[in-house]
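[1] output the structure for:
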Amino acid sequence: MNLEKIFHLKENNTDVKTEILAGITTFMTMAYILAVNPNILSESGMDRGAVFTATALAAFIATCLMAILSNYPFVLAPGMGLNAYFTYTVVMGMGYTWEMALSAVFVEGIIFILLSLTNVREAIFNAIPMNLKHAVSVGIGLFIAFIGLQNAKIVVDSSTLVSMFSFKSSIKNGTFNTEGITVLLALIGLLITSILVIKQVKGNILWGILSTWVLGIICQLVGLYKPTPDAGWFSLLPDFSAGFSVPSLAPTFMHMDFSKVFTLDFVIIMFAFLFVDMFDTLGTLIGVASKADMLDKNGKLPRIKGALMADAVGTSVGAVLGTSTTTTFVESASGVSEGGRTGLTSITAAILFGLSLFLSPIFLAIPSFATAPALIIVGFLMLTSIVKIDFNDYTETLPAFICIIAMPFMYSISEGIALGVISYVIINLVTGKAKEKKISVLMYVLAVLFVLKYVLI
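    Numbers count the residues shown, from 1 in each chain. Alright, predicted model coming up:
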């Protein structure tokens, strides 16, 4: 196989060794999704084992497509933020079944394939101002960090909306050996992961997860952590009783509910997914590309059509397998920082996702308190894009600020983008800066559509 001919390595100033190392690095920084995604989607009633298999397969297929269609070193998997939207908003909040939610993901994936064949998604990507693109990356980071704090139960519900977990109450109520110790382990894990990131250890996020998990196992063995399955506190030891077999896809494969496809309910949920996925995907692609300095001087991403097509096909394939929307991961920037420049980086990571299918007992035993520090650190890494925002121009900064704070406070990436676009257009129009900045017609159209969304839905 002539890798040079396929991936144009010399043209991109790279070589096989660099690309393979970059692919391994990217996989190690985002392998946490194999533990996190089953944890989040299982809360919607889905089978954890089946979701694990669907996650690994969706990542493998979509990432291979990214390499083939765009020759970019980006890696895809079921996206953070979108899986939270699937479980916490659509299923738990809006009351839909996970089967209906999967069918909506499938349909919007098909629509995205059609939109990717045209220039609609590319035009929207290019229409969003650069400062707003950076703001989207920052907002997603805060949102993911907030989910991590919640998953670890470091942040809990209270009379002030949210507050910090109380160890004193945990000891008093006799729940320290279940809930209390896991919160403590999550905090220790956050410190461990932070140190590994600062020391620039390869695969720092994955090593942070594994270290926290091992500490949990030690606590279980010495009796500090006491599994109580009836209360939702399970053993932290991997179950190898079935060997290294791949968990069956049967509980989720093709389990899509199209019975209400022509009802208003389905249209609303499908539109919600379409809206969130459209802008989460663009947001994440913006975040990855800007962090990896792959945008040109006009803020455009060359060969974006192939990247968007890989993302769109990956979404529909993932829904068939049984997982939420598949998207480009910001952790792809870690491979780029290691020198990855072509699709060979993606192919390497895809192969590792395929091999991970046989290690399901390990990934499925990793608890949410061990993966929570990963979410918080990923949030921090995305937050660093805030330094790219021009704070000298308030007509740029205030819409960016609105976009950023809306995502965690409103628990929605799409709300942040909507409010960011609306405020950007209105503020620049009213202050007379719109003509000077040459705001595109598409931005005006988006602003109107977002306003109508709030009025009609």
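[2] low-confidence regions, this structure specifically.
    For the chain, the stretches flagged by pLDDT under 70 are 1, 203, 272, 275-276, 279-280, 283-284, 287-288, 290-293, 457.
[3] outline the domain layout of it.
    3-389, 390-457 (automatic domain parsing).
[4] so what's T281 closest to, chain neighbours aside?
    Closest residue to T281 apart from its sequence neighbours, by C-beta to C-beta, 6 or more residues apart in numbering: T327 at 5.1 Å. For the C-beta atoms, the positions are set from N, CA and C on the backbone; glycine is no exception.
[5] quick one, what contacts the residue nearest to the spatial centre of the chain?
    The centroid of the chain falls nearest to M80 when counting by C-alpha atoms, centre = their mean (2.3 Å). Neighbour list for M80: I33, V36, I144, I147, L375, V378 [criterion: C-beta atoms under 8 Å, 6 or more residues apart in numbering].
[6] so what touches the strand or helix carrying L184?
    Element membership of L184, judged by DSSP states H and E, is helix 181-198. Here helix 181-198 makes contact (C-beta under 8 Å, 6+ apart) with 152-154, 165, 167, 170, 204-205, 207-209, 211-212, 215-216, 219, 224-225, 233, 367, 369-370, 372-374, 376-377, 381.
[7] mark which of those residues are buried, thanks.
    For the contacts of helix 181-198, a neighbour count by 16 or more other C-beta atoms under 10 Å gives the buried set as 152-154, 165, 170, 204-205, 207-209, 211-212, 215-216, 219, 224-225, 233, 367, 369-370, 372-374, 376-377, 381.
[8] helix/strand/coil for the residue nearest to the centre of the chain?
    coil (DSSP: H, G, I helix; E, B strand; the rest coil).
[9] and it, how far from T395?
    31 Å (C-beta to C-beta, to the nearest Å).
[10] buried sites along the helix holding L184?
    Counting neighbours by 16+ other C-beta under 10 Å, the buried set in helix 181-198 is 181-190, 192-194, 196-197.
[11] and what of stretch 168-181?
    Buried, per 16+ other C-beta under 10 Å, within stretch 168-181: S170, F176, N177, T178, E179, G180, I181.
[12] isn't the second one right up against S170?
    Okay, so that is F176. Yes. The pair F176 / S170 is scored as a contact, 4.7 Å apart, by C-beta atoms under 8 Å.
[13] now for Y72: which residues touch it?
    Y72 sits in contact with M66, M294, R303, G306, A307, T342, G343, S346, where contact means C-beta under 8 Å, 6+ apart.
[14] wait, which of the buried residues of helix 181-198 is closest to L115?
    When the buried residues of helix 181-198 are compared for distance to L115 (C-beta to C-beta), V197 wins out at 36.6 Å.
[15] what ranges do the helices span in the stretch 201-350 of the chain?
    Secondary structure of the stretch 201-350 of the chain (DSSP state H, counting those that start in this stretch): helices at 204-222, 264-291, 304-321, 332-337, 343-356.
[16] how about those helices in JSON lines, adding distance to I413?
    JSON lines is the format used below for these (distance: least, C-beta to C-beta, whole Å):
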{"stretch": "helix 204-222", "distance to I413": "21"}
{"stretch": "helix 264-291", "distance to I413": "5"}
{"stretch": "helix 304-321", "distance to I413": "15"}
{"stretch": "helix 332-337", "distance to I413": "18"}
{"stretch": "helix 343-356", "distance to I413": "24"}
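[17] do you know which of those helices lies nearest N131?
    Closest among the helices of the stretch 201-350 of the chain, using C-beta to C-beta: helix 264-291, at 10.7 Å.
[18] from A67, how far off is the residue nearest to the centre of the chain?
    22 Å.
[19] go on, I181?
    The value you get for I181 to A67, if C-beta to C-beta is used, is 43 Å.
[20] was I right to think F74 contacts I304?
    No. With contact defined as C-beta under 8 Å, F74 does not reach I304; the gap is 10.9 Å.
[21] what about those two, which has more around it?
    More crowded of F74 and I304, by other C-beta atoms under 10 Å: F74, with 33 against 21.
[22] give the contact list for the more buried one.
    T63, M66, L285, V288, A307, T328, F329, S332, S346.
[23] contacts only, for the closest residue to the fifth one other than its chain neighbours.
    Ranked by C-beta to C-beta, 6+ apart and with sequence neighbours excluded, the top spatial neighbour of A307 is S70, at 4.4 Å. Applying C-beta under 8 Å, 6+ apart to S70 gives the contacts R303, I304, K305, G306, A307, A310, G343.
[24] dump the residue contacts of A372.
    So A372 contacts G148, L149, N151, A152, I154, A186, G189, L190 (C-beta under 8 Å, 6+ apart).
[25] quick check: which element contains the second one?
    To tie it back to what came earlier, the one meant is L149. Applying DSSP H and E, one finds L149 within helix 130-151.
[26] okay, now the sheet partners of the next helix or strand after that helix, with direction.
    Following helix 130-151 in sequence order, the next helix or strand is strand 155-158 (DSSP H and E). Sheet pairing of strand 155-158 (DSSP bridges) gives strand 161-164 (antiparallel).
[27] distance from whatever helix or strand comes next after the partner strand to the middle of the chain?
    Where DSSP H and E defines the elements, the next helix or strand beyond strand 161-164 is helix 167-173. Distance, stretch centre to chain centre, for helix 167-173: 34 Å (C-alpha atoms, centre = their mean, to the nearest Å).
[28] for helix 167-173, output the C-alpha coordinates as PDB.
    This file holds the C-alpha atoms of helix 167-173, laid out as PDB (Å, rounded to 0.1, in the frame of the first residue of the first chain):
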ATOM      1  CA  PHE A 167     -19.000  15.700  53.100                       C
ATOM      2  CA  LYS A 168     -20.300  16.600  56.600                       C
ATOM      3  CA  SER A 169     -23.900  15.600  55.600                       C
ATOM      4  CA  SER A 170     -22.600  12.500  53.900                       C
ATOM      5  CA  ILE A 171     -20.800  11.200  57.000                       C
ATOM      6  CA  LYS A 172     -23.900  12.100  59.100                       C
ATOM      7  CA  ASN A 173     -26.300  10.300  56.800                       C
END
